[in-house]
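**Q** Sharing a model that was predicted from the sequence below.
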Amino acid sequence: MSRYISFRDFDWVLFIFVLMVCALGVTEIRSATVHTKFAGAHIRQIYWIVAGIACMFLMSMVNYQILLERVHWMYIAAIASLMMVMIFGHRYLGAKRWIKMPGGWHFQPSEWVKLILILAVAKYFNDLHQRELTWTDFIKAGAIVGVPMLMVLTQPDLGTALTYIPIAVMGLFLGGLRAKQALTVVLLAGLMMPLAWHGLKPYQRDRLTSFLEPEADSQGSGYQVIQSLIAVGSGGIWGSSAGSQTHLSFLPVPQTDFIFAAFAEEHGFVGALSVMLLYFIVLMRLTQNAQTAPDRAGTFVVMGVVAVLSFHILVNIGMVVGFMPVTGIPLPLMSYGGSSVLFMFLALGIVMNVRMRRFVN
Amino acid sequence: MFGRDEKVSPMRLTAAQYIVLGIFLILAYGLWRLQVVQSDFYASLAEKNRIRNVPILAPRGRILDREGRTIVDNYPSFTALLLRDSSRDLTADADLIAQGLHLDPKEVKDRIRHFAASPQYQPIYLKDDITPDELAFIESHRNELPELDTIMAHRRLYPRNGFMAHLIGYVGEVSEEMLNQPQFELYNPGDVVGKSGVELQYNTILMGKNGSRRAVVNSHGKEMQTLDDTPAQPGHPLKLTVDLDLQIAAEQALEGRNGAIIAMDPRNGEILALVSRPTFNPNDFAVRVSRDQWSKLINDDDHPLLDKAIQAQLAPGSTFKIIMATAGLQEGIAQDMHVTCNGGATFYGRYFKCWVVAEHRTHGVVGIDKAIFQSCDVFFYTLAEKLGIGRIAKYATMFGLGQRTGIDLPQEVTGIMPSEEWKIRNYKQKWYAGETISVGIGQGAVTATPIQMARAIGAIASGGLLVRPHVTNPQDLPPGVIPAATSPNEVKIPLDPQNWQIITDAMAGVVNPGGTAPSAHLQGIDFAGKTGSAQTISNALKAKLGAAGKANFKDNGWFVGVEPRRNPEIVVCTLLEEGEHGYLAARTAAQVIKAYVEKERRTPSKVAQNKGKVEIGAVWNATDPDGENNDSLRAGRMVIDLTRGHAPLAAVAPGVN
């Protein structure tokens, strides 16, 4: 294996499109928070983005193949950190998701677990070689993702737990899932639904019912859904300059999960569609990188990132346009929040690494 | 191990791309449906969907007099404001708005520009307390000028011309520094709170609790629907001990003069009237006081904001002689003391003049009673020399000088009662015996406030009952409010009845022929008192200043009067700044006493109304133990039983069989 890598092969096109999305996010965070108690959030977001870019460049210099060889250790560390949350976790708003770190930092392991799961799944399917999946492979792959997912579910953090599913789905799909297997799983999942309903926390049930019938409780849990719909709808084609829903603070905490609603209100259908186009270009560019990856593992890694990113976009924008219930999943690269930004840039760092090695061997 | 040959199925990769595309198309459809198809529907929802928190301002409690008559009330006042969340060009409308509200168009435009950077939902306040025709202008231009709106607030309506201004005080917006103090932690910026007088002292009672209404408003600020309502809790009314009739009499008596009048019921400490002049108009503060007005008020040499009844510490002059006489008699020195007044006397090598030489007279031989009603300085110089500062200070302090009376009004001052310790503590100097001589006539280092003098002399005339003055009665306060009393409500100072009688009888002589204020005599009223003229600067300094000094530093006139002379129902202290003569102050006080007595006589007596036991006051001739008739009158109180429906023909005075 030769060690020629250079930043000439770095995906600058992808990087520029990612930065454009980030920039739009920062301007919208500023606009949505300027007269609220969150004022100044956009500055902190810029710090996170700069830190994320630095992480991305560092990550792109680590050979992903070396990472993959050590992925079982990382997986063990991931499980251990989730155990730590269960034992020493810091309870905040009724959920144990954070570990208090020295120096006032809060560490939320479930984000990093996502990254490790992408690598672990890639490694697993890379080692399979064959094009058709057996049921044993299927169950093993499911367990790799399922165990940490159940642990995150108990925190409880349904939103983050759900983001693990597309990693497994993408892995299975590319790993050679047969139509019969897919059908069986979908049927089983359908049968499990009523059981899962009982396992949900009351606030999660509220969110689901308010999604199905937001008018039922317009001042309670349905409030966000209705306000988000009104915000997006009143934006019209060209956007409402006043941005009254966001600016008159009818839309609660617009800088995080509802950033797209705030953006859609202010910039209208044209603006929102442009942002979606940017995301689409980023995703297509990523799949192209997956196709040109030097090996099977590289493809799986990049497609894992594609799966997570697509899922986030689907759930978040789906929620904003009223197709999905409120789950608390941020819009990657645009929503305010350090963990989410750092995760995205680290994931992009691995993608860059895969791309930079496409002519190596 | 990582071989190129084991590529992932390209078909599946392409399929994944199509799945992503499919997701995006579905989301784009969702956006299109919301923002293009149903855009109008949601825009109209957004229009209606503006919940506004409208505060409901709680009116402050009214202030009432002792008979429940309103002294301070509220009136609805409208403030014109400019809403900025509409899309109108405000600057274009500025001229019309300025014309309608009688404002300068430039000023309106400046304000609009000044607020350009602040959040849109924050309105601009254009004009406070608009007139009815300005309000009519706003109402009639609702369609042309939708951005112009009003809010209603309850504003304080104080009596005009500064009537009772010092006692009532005034309100204002809570200041930044007040908000930082722990006792005001529950106040919000913009709250209107008491700033002085009763308004400050009883702010927590008077101030209500603002309510709020959550209302859905449309984009023009019009309320479409009320979501919920938290009603405002109006402030409690506050009943004062002040008698409005007496207050009017006192205000009129002091009209055109500078100084203070305080009238108190010495039996319980209830303040019946309190006036300080010059005064200010608290209505000017109720809206917003301009900087000019404010600086004019604080830089005025006559200190209109100062409540002189409790905040002016001045030499009490000859009124202090009552305390001297009490000390002298109680110590057994003054009873048989006789001094020959030749217009002055020398003490400790310095010649001290009696006031009487200015009239080219002398007092001749003077005993205690003549010394009081003629106010002979030489007698009290001599008494002061004999008592010494220690015993003088002991009695003066006992009767409340040099300390706050504990009246429930803010910023009362202590005055000074000098003593040997006081001088060492404050000046690090020894007390000179010569200084005692000046103190004997209420000059020198001794200073007192009118409320202190009223309380002390009222206590002496009441046989030693020293009460704490107060403007509200605890039973009139809302339940659960405990006024913070800083001193005991009443103290009984033992006073020999013989001495008490000598002093009060001599005080009655003051307003009779032969006294210092015969012109203040009230026919048919048992009025007694003591005059005082206190120098504002020393005689030596006045001589140095010549004519200008005489004009600028006239003496302060004092008078403390009681009615009736023993166990009085009312004590009045008058301070006339630069009033020159005590008898002028006495005439002023007499007007208040007269108003009091006339009112008492007009109202049906307790005897006529009561169906039980009544306490009445009486004056009678007593017989000596040896059976001889005595000219001196005895006064006292007795209880008569009216249960049978009519008064007894005779009642027996206490101690007389």
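**A** Cool, got the structure. Numbering: from 1, shown residues only, chains lettered A, B, ... in the order given.
**Q** Would you point out which residue is most central in the chain?
**A** No chain specified, so I'll use chain A. residue A:312 (4.4 Å; CA atoms, centre = their mean).
**Q** my bad, chain B
**A** Nearest to chain B centroid, counting by CA atoms, centre = their mean: residue B:167, 2.6 Å.
**Q** so what does the host helix or strand of residue B:533 touch, helix or strand wise?
**A** For residue B:533, the host element (DSSP states H and E) is strand B:528-534. If you count contacts as 3 or more CB pairs under 8 Å, 6 or more residues apart in numbering or on different chains; DSSP states H and E, strand B:528-534 packs onto helix B:321-330, helix B:450-461, helix B:497-510, strand B:556-563, helix B:582-602. Just so you know, the C-beta spots here come from the backbone N, C-alpha and C atoms, and that holds for glycine as well.
**Q** And it, how far out from the chain middle?
**A** Mean C-alpha position of strand B:528-534 versus that of the full chain (CA atoms, centre = their mean, to the nearest Å) differs by 25 Å.
**Q** Next one: the residue of the stretch 51-200 of chain A found nearest chain B from residue B:32, what distance?
**A** Across the stretch 51-200 of chain A, no residue is closer to chain B than residue A:174, which sits at 5.1 Å (CB to the nearest CB). Distance from residue A:174 to residue B:32, counting by CB to CB, to the nearest Å: 31 Å.
**Q** what's the domain layout of chain B?
**A** Chain B breaks down into these domains under automatic domain parsing: B:52-239, B:244-279+B:304-603, B:606-657.
**Q** SS state for the residue of the stretch 51-200 of chain A closest to chain B?
**A** Counting by DSSP: H, G, I helix; E, B strand; the rest coil, the backbone at residue A:174 sits in helix.
**Q** For whichever residue of the stretch 201-350 of chain A sits closest to chain B, give me the pLDDT.
**A** The minimum distance from the stretch 201-350 of chain A to chain B, using CB to the nearest CB, falls at residue A:233 (2.3 Å). Turning to residue A:233, the model gives it a pLDDT of 87.
**Q** neighbours around it, how many?
**A** Residue A:233 has 29 neighbouring residues, counting by other CB atoms under 10 Å in any protein chain shown.
**Q** And what about it, helix, strand or coil?
**A** Recorded secondary structure, residue A:233: helix (three-state DSSP).
**Q** For it, give me its contacts.
**A** By CB atoms under 8 Å, 6 or more residues apart in numbering or on different chains, the contact set of residue A:233 is B:34-35, B:38-39, B:41-43, B:45-46.
**Q** In PyMOL, how would I select just the buried ones from those residues?
**A** A single PyMOL command selects the buried members of those (16 or more other CB atoms under 10 Å in any protein chain shown):
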select buried, chain B and resi 34+35+38+39+42+43+45+46
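**Q** out of the contacts of residue A:233, who's nearest chain A?
**A** residue B:42 (2.3 Å).
**Q** Now that closest one. Nearest residue, chain neighbours left out?
**A** residue A:233 (2.3 Å; CB to CB, 6 or more residues apart in numbering or on different chains).
**Q** one step back: export the contacts of residue A:233 to TSV and append columns for secondary structure.
**A** Formatted as TSV, those follow (three-state DSSP):
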residue	secondary structure
B:34	helix
B:35	helix
B:38	coil
B:39	helix
B:41	helix
B:42	helix
B:43	helix
B:45	helix
B:46	helix
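**Q** and the two most separated of the contacts of residue A:233?
**A** B:35 and B:45 (13.3 Å; CB to CB).
**Q** any idea what residue B:365 is structurally, helix, strand or coil?
**A** Note that with three-state DSSP, the state of residue B:365 is strand.
**Q** From residue A:237, how far off is it?
**A** Applying CB to CB to residue B:365 and residue A:237 gives a distance of 111 Å.
**Q** Repeat that for residue A:21.
**A** The separation that residue A:21 has from residue A:237, given CB to CB, amounts to 22 Å.
**Q** The two: which has the busier surroundings?
**A** Taking neighbours as other CB under 10 Å, residue A:21 and residue A:237 compare with residue A:21 leading, 19 against 13.
**Q** roughly how far apart are that one and residue A:263?
**A** The spacing between residue A:21 and residue A:263, counted by CB to CB, is 11 Å.
**Q** what is in contact with those two at once?
**A** A:275, A:334.
**Q** Need the per-residue pLDDT for residue A:13.
**A** 92.
**Q** what helix or strand does residue A:287 sit in?
**A** helix A:259-291.
**Q** which stretches of the stretch 151-300 of chain B aren't confidently modelled?
**A** Low-confidence segments of the stretch 151-300 of chain B (pLDDT under 70): B:176, B:182-186, B:188-190, B:216-225, B:286-291.
**Q** Quick one: the strands in it, in order.
**A** B:171-173, B:192-194, B:211-217, B:223-230, B:238-239, B:259-265, B:270-277 (DSSP state E, counting those that start in this stretch).
**Q** With chain A as the reference, name the closest of the ones you listed.
**A** strand B:223-230 (8.1 Å).
**Q** Surely residue B:305 is in contact with residue B:296?
**A** No: the criterion here is CB atoms under 8 Å, and residue B:305 misses it with residue B:296 at 10.7 Å.
**Q** Name the residue in these two with the higher neighbour count.
**A** residue B:305 (18 against 12).
**Q** gap between the more buried one and residue B:298?
**A** On the measure of CB to CB, residue B:305 and residue B:298 end up 7 Å apart.
**Q** next one: residue B:336
**A** 53 Å.
**Q** now do residue B:306
**A** 10 Å.
**Q** In terms of packing, which of those two has more residues around it?
**A** Each of residue B:306 and residue B:298 has its neighbours counted (other CB under 10 Å); residue B:306 has more, 18 against 10.
**Q** I am assuming the more buried one contacts residue B:300, so please confirm or correct that.
**A** No: between residue B:306 and residue B:300 there is no contact under CB under 8 Å: 9.6 Å.
**Q** Return the most buried member of the domains of chain B.
**A** domain B:244-279+B:304-603 (a mean of 21; mean count of other CB atoms under 10 Å in any protein chain shown).
**Q** mind checking pLDDT for residue 34?
**A** Using chain A here. Confidence score, pLDDT, at residue A:34: 73.
**Q** Correction: the question concerned chain B.
**A** pLDDT at residue B:34 comes out at 90.
**Q** residues in contact with it?
**A** Taking CB under 8 Å, 6+ apart as the test, what residue B:34 contacts is A:229, A:232-233, A:321-322, B:42.
**Q** Parallel or antiparallel, which strands does the strand holding residue B:533 pair with?
**A** strand B:556-563 (antiparallel) (DSSP bridges).
**Q** avg pLDDT for the partner strand?
**A** In the prediction, strand B:556-563 has an average pLDDT of 91.
**Q** how many degrees apart are that strand and strand B:259-265 in direction?
**A** 20 degrees (axes from the mean of the first three to the mean of the last three CA atoms, to 10 degrees).
**Q** got the CA positions of strand B:556-563 in PDB?
**A** The C-alpha trace of strand B:556-563 is given here as PDB (Å, rounded to 0.1, in the frame of the first residue of the first chain):
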ATOM      1  CA  ASN B 556     -37.500  81.800  63.100                       C
ATOM      2  CA  GLY B 557     -40.800  82.100  64.900                       C
ATOM      3  CA  TRP B 558     -42.000  79.100  66.900                       C
ATOM      4  CA  PHE B 559     -45.200  78.300  68.800                       C
ATOM      5  CA  VAL B 560     -46.400  75.100  70.400                       C
ATOM      6  CA  GLY B 561     -49.900  75.300  71.600                       C
ATOM      7  CA  VAL B 562     -52.300  72.900  73.300                       C
ATOM      8  CA  GLU B 563     -56.100  72.800  73.900                       C
END
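**Q** what distance separates that strand from the middle of the whole chain?
**A** 20 Å.
**Q** Report the angle between that strand and helix B:450-461.
**A** Using the same axes, to 10 degrees: strand B:556-563 against helix B:450-461 is 40 degrees.
**Q** could you check the angle helix B:497-510 makes with strand B:556-563?
**A** Using the same axes, to 10 degrees: strand B:556-563 against helix B:497-510 is 120 degrees.
**Q** Many thanks, I have nothing further to ask.
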